[in-house]
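J.: Everything below, folded, please.
(2 chains, ligands or ions: 2)
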Amino acid sequence: MALIEVDGLVKHYRVRKPGRSVRRLFTRHSELKEAVRGIDLRVDAGEVVGYLGPNGAGKSTTIKCLCGIMAPDAGRIRVAGLDPSRRRLELARRIGVVFGQKTALWWDLPVTESFELLRAIYDVPRERHRRRLDELTALLGLDEFAHVPVRQLSLGQRVRSDLAAALLHDPQVLFLDEPTIGLDAAAKSGVRRFVREIRARGVAVLLTTHDLGDIEELCDRIVILDRGSVLFEGSVDEALGRYAPHSRVIVEFSRDVQGTIEVPFADSLHRRDDRQAEIVFKRAEETAAAVTRHLLDAYPVRDLRITEPSIEDVVKSLYEELGDRAGGAEPARG
Amino acid sequence: MADAPTLLPAGTARRWDLARAFLRYGLANRTTYRAVYWAQLVNAVVKVAAIALVWRAFHAVDPGQFPVGGDAMIAYGVVAALGSVVLDWWSGPHHYLARRIRLGTITGDLLRPMSLPRQLFAIHAGETCSALLLLGVPVYLGALALLGREAAPAGPAAGLLALLSFALSFALLFCCSFLVGMIVLKTLNLLGVMHVYHGVITLLSGFWIPLWFYPEPLRRIAELLPFQSIFFTPLTIYIGHRRGADAAVAILQQAVWLCILLVAVHLAWRFMRRRLVVQGG
Ligand SMILES: Nc1ncnc2c1ncn2[C@@H]1O[C@H](COP(=O)(O)OP(=O)(O)OP(=O)(O)O)[C@@H](O)[C@H]1O
Ligand SMILES: [Mg+2]
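T.: Ligands and ions are numbered 1, 2, ... in the order given. Predicted coordinates for the structure are as follows:
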């Protein structure tokens, strides 16, 4: 069941035309800046979709339209069956949203008081609230700072509180905009464990992140965005197949091997010196097992190392490529 | 994009639940900083004492200048000072909005299943009730004990009517502050707008100086505006300067202003809501 359905979403911002400063005081010329241009997206129940793209690609803008706090300029959106901009207040009961950089809690209020206030606002029955809170407290380890005002929490503690706050009313859809930004390794893995747990309960999760570990560990599917358009959609494996189809074997010989090394199906072969070589091959055409078997049979091998590309390689090469292309057309990009 | 009012279930149990939660919010917020609370309490006591002394002195010098007796004048000052402590217009919804915008946490407010004006009203009501319980009531009881008739209402009826009138004042002040908040949203300039607003309330609500001392043109202006309904109306009812039909008309006038301002709040929010560009991310 699709809990998020987006067809042809378009959103632009009105920005002041750059001009000389004094003249700007008297004129109202503005131009439209297209932040999102025609995006299609689907997220099913129990699915985590990674929403990726370089800075300024339009990820946060999409999320703001999906949760109803900004109206789209064109396109059709359904989140948990509702049109977000028309039925924002109703939708609010069915979704949870966490923006990693900012808290949705009340600054001076202790965490538990914030939760109590949310319970009243969302009108969650007391008994259910208590059960839910116990569960979340155990999952996220909230008890150590339950009575501390939000302003005194560390970043990791605050993000955990915000995650709990977003899930207190048992939403069907969860939007996470960079939930692991600035967290240490332990806190990150805690958040990831939590997201997996939420997914197992059938929540649809749309996750924006620049953390490749998040993608590898969590995402069933990824959507890569560039300048407001979808560039790729598919599984992590498909992305690897498309953008990083090569694996490599680095082989170290026990004695000098002169002359050329022959490996069937190798795409390329680099000799580092007489003792070392690097064999690059397409995963789709040959398995690492076959390549190593051939090497072990034909050469005096002392050691072997197989490196598979990671999503990090995909994203790095893709974003660099995008950056180069954008560099020509649109030099100033933040 | 309409924030349908039906979304707040009509059930009274639900209303009580919300009211309790927001009162707890107000109490928790006011007791977070202990030093701040004690400073506010001292400030309230000093304000009340000073204003009582000033009016007592003035009235003794030339009673003929006053349309009311000395006791009534002192009561006016005492309750005005308390009113300004409880119905605080520095830290209202406009202040909250400006802070949430600056921190970028306004998104959190917009993501809740309650429209922003309602949330702000509930929060402000919670804060005002906590001010009433923790500052207003103790200082008022202290003033009654020390000043006796000089702080008491003209009679039981006057006291009750004034209470009703003050409740309307709270709602009126909320609407004014919310509208100021919309201006702050539009201009992103809190301090400038706040100073003007503070000046307007101080001058035109008759809260430091009763309107009957104002020069004719200024009094005319003040009478045409909603601000005098906020302080002058409940205070004159409290001291019995307006009673019977007079008081009823004044309260009716408050109610009319409240209706007008509620419509203005509704329209202003509808206008802003559509144009609100959520910054950052
Ligand atoms: N309030 C705004 N006014 C004008 N332009 C904006 C506004 N917010 C975003 N933009 C522009 O819209 C584009 C998309 O921004 P958005 O915040 O959606 O990017 P993002 O994908 O979330 O990037 P990041 O990874 O840096 O968070 C950017 O070019 C940005 O400059
Ligand atoms: Mg972003």
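J.: going forward, measure contacts and count neighbours with C-alpha atoms only.
T.: OK.
J.: quick one: B:P153 is in a helix?
T.: No: according to DSSP: H, G, I helix; E, B strand; the rest coil, B:P153 belongs to no helix; its state is coil.
J.: For ligand 2, what's the nearest residue on the stretch 1-150 of chain A?
T.: Residue of the stretch 1-150 of chain A nearest ligand 2, by C-alpha to the ion: A:S60 (4.2 Å).
J.: distance of that residue from chain B?
T.: The gap separating A:S60 from chain B is 6 Å, by C-alpha to the nearest C-alpha, to the nearest Å.
J.: Now that residue: which helix or strand?
T.: helix A:59-66 (DSSP states H and E).
J.: Out of the helices and strands in chain A, which is least certain?
T.: helix A:21-24 (a mean of 61; mean pLDDT, DSSP states H and E).
J.: in the next helix or strand after it, what counts as buried?
T.: The helix or strand immediately downstream of helix A:21-24 is strand A:30-44, counting by DSSP H and E. Within strand A:30-44, the residues scored as buried using 16 or more other C-alpha atoms under 10 Å in any protein chain shown are A:35-44.
J.: next one: stretch B:48-57
T.: In stretch B:48-57, counting by 16+ other C-alpha under 10 Å, buried: B:48-49, B:51-52, B:55-56.
J.: The helix holding A:S60 near ligand 1 anywhere?
T.: Yes: using C-alpha under 6 Å from any ligand atom, helix A:59-66 reaches ligand 1 at A:59-61.
J.: which secondary structure elements does that helix contact?
T.: strand A:30-44, strand A:173-177 (3 or more C-alpha pairs under 8 Å, 6 or more residues apart in numbering or on different chains; DSSP states H and E).
J.: Just checking the first one against ligand 1, any contact.
T.: What that stands for is strand A:30-44. Yes: residues of strand A:30-44 contacting ligand 1 under C-alpha under 6 Å from any ligand atom: A:A35.
J.: got a list of what the residue lying closest to B:V193 once chain neighbours are set aside touches?
T.: Take B:V193 and drop its neighbours on the chain: the residue closest to it by C-alpha to C-alpha, 6 or more residues apart in numbering or on different chains is B:V184, 6.9 Å away. Going by C-alpha atoms under 8 Å, 6 or more residues apart in numbering or on different chains, B:V184 touches B:94, B:98, B:190, B:193.
J.: nearest to A:F281, of these?
T.: B:A98 (58.7 Å; C-alpha to C-alpha).
J.: what's around the closest one, how many residues?
T.: If you count neighbours by other C-alpha atoms under 10 Å in any protein chain shown, B:A98 ends up with 20.
J.: B:G64 now?
T.: The number of residues near B:G64, taken as other C-alpha under 10 Å, comes to 10.
J.: Just say helix, strand or coil for it.
T.: In three-state terms, and counting by three-state DSSP, B:G64 is helix.
J.: so how far is B:F58 from it?
T.: 11 Å (C-alpha to C-alpha, to the nearest Å).
J.: Likewise for A:G228?
T.: On the measure of C-alpha to C-alpha, A:G228 and B:F58 end up 71 Å apart.
J.: more crowded one of these two?
T.: Here A:G228 and B:F58 are set side by side on neighbour count (other C-alpha under 10 Å), and the busier one is A:G228, at 24 against 14.
J.: residues touching the nearest residue to that one once chain neighbours are set aside, list them.
T.: Distances taken as C-alpha to C-alpha, 6+ apart place A:V36 nearest to A:G228, at 3.9 Å, with adjacent residues excluded. Contacts for A:V36 (C-alpha under 8 Å, 6+ apart) come out as A:9-12, A:57-58, A:61-62, A:227-229.
J.: Where helices are concerned, which of these count?
T.: Among the contacts of A:V36, DSSP state H puts A:61-62 in helices.
J.: for the contacts of A:V36, which one is nearest chain B?
T.: Closest to chain B out of the contacts of A:V36 is A:T61 (8.0 Å), distances taken as C-alpha to the nearest C-alpha.
J.: burial count for that closest one?
T.: 24.
J.: Wait, it touches A:A35, no?
T.: Yes: here A:T61 reaches A:A35: they are 7.1 Å apart, a contact under C-alpha atoms under 8 Å.
J.: Common neighbours of those two, please.
T.: Joint contacts of A:T61 and A:A35 (C-alpha under 8 Å, 6+ apart) are A:K11.
J.: Report the contact partners of the most centrally placed residue in chain B.
T.: Nearest to the centroid of the C-alpha atoms of chain B, with distances taken as C-alpha atoms, centre = their mean, sits B:L87, at 3.4 Å. By C-alpha under 8 Å, 6+ apart, B:L87 lies in contact with B:128, B:170, B:173.
J.: For A:A284, see how far away it is.
T.: 73 Å.
J.: ok so, going back, would you list the phi and psi of the residue nearest to B:V193?
T.: Backbone torsions for B:V184, taken as degrees, to the nearest 10, come to phi -60, psi -40.
J.: again, but for the one 4 residues further on
T.: Comment: the main-chain dihedrals of B:L188 come out as phi 50, psi 30, following degrees, to the nearest 10.
J.: Quick check: pLDDT value at it.
T.: Looking at B:L188, its pLDDT reads 70.
J.: Can you add mean pLDDT and give the helices and strands packed on helix A:59-66 back as CSV?
T.: As requested, these are arranged in CSV below (pLDDT from 0 to 100):
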stretch, mean pLDDT
strand A:30-44, 89
strand A:173-177, 95
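J.: The residue of the stretch 1-150 of chain A closest to ligand 2 touches A:D177, doesn't it?
T.: Yes: if you go by C-alpha under 8 Å, A:S60 and A:D177 touch, sitting 6.9 Å apart.
J.: Overlap in contacts, the two.
T.: With C-alpha under 8 Å, 6+ apart, A:S60 and A:D177 have common neighbours A:T208.
J.: what's the lowest-pLDDT member of the contacts of B:V184?
T.: Within these, lowest confidence goes to B:L190 (73).
J.: what's the closest non-adjacent residue to that one?
T.: In space, and not counting its chain neighbours, B:L190 is closest to B:V184: 5.5 Å by C-alpha to C-alpha, 6+ apart.
J.: Can you give me the domain boundaries for chain A?
T.: A:2-240, A:246-311 (the TED database).
J.: Spit out the contact partners of A:V203.
T.: Contacts of A:V203 (C-alpha under 8 Å, 6+ apart): A:45-47, A:171-174.
J.: hmm, try it at 7 Å
T.: Going by C-alpha atoms under 7 Å, 6 or more residues apart in numbering or on different chains, A:V203 touches A:45-46, A:172-174.
J.: Just among those, which is most surrounded?
T.: That'd be A:V173 among the contacts of A:V203, by other C-alpha under 10 Å, with 30 neighbours.
J.: element containing A:R76, please.
T.: Taking DSSP H and E as the criterion, A:R76 maps to strand A:74-79.
J.: Indicate whether that strand makes contact with chain B.
T.: No: using C-alpha under 7 Å from any C-alpha of the partner chain, strand A:74-79 never reaches chain B; the gap is at least 13.8 Å.
J.: now the angle between strand A:30-44 and that strand, please.
T.: 40 degrees (axes from the mean of the first three to the mean of the last three C-alpha atoms, to 10 degrees).
J.: For A:I279, grab phi and psi.
T.: Dihedral pair for A:I279: phi -110, psi 130, per degrees, to the nearest 10.
J.: So it sits against A:S268, correct?
T.: Yes: taking C-alpha atoms under 7 Å as the definition, A:I279 is a contact partner of A:S268 at 6.2 Å.
J.: Look at those two and report which has more neighbours.
T.: Legend: neighbour count by other C-alpha under 10 Å for A:I279 and A:S268, higher for A:I279 (23 against 12).
J.: Not counting sequence-adjacent ones, nearest residue to the more buried one?
T.: Counting by C-alpha to C-alpha, 6+ apart, the residue nearest A:I279 is A:L269, at 4.6 Å.
J.: where's that neighbour relative to B:A21, distance?
T.: On the measure of C-alpha to C-alpha, A:L269 and B:A21 end up 70 Å apart.
J.: more neighbours, those two?
T.: Per other C-alpha under 10 Å, whichever of A:L269 and B:A21 has more neighbours is B:A21, with 23 against 18.
J.: Right, I'll call it a day here.
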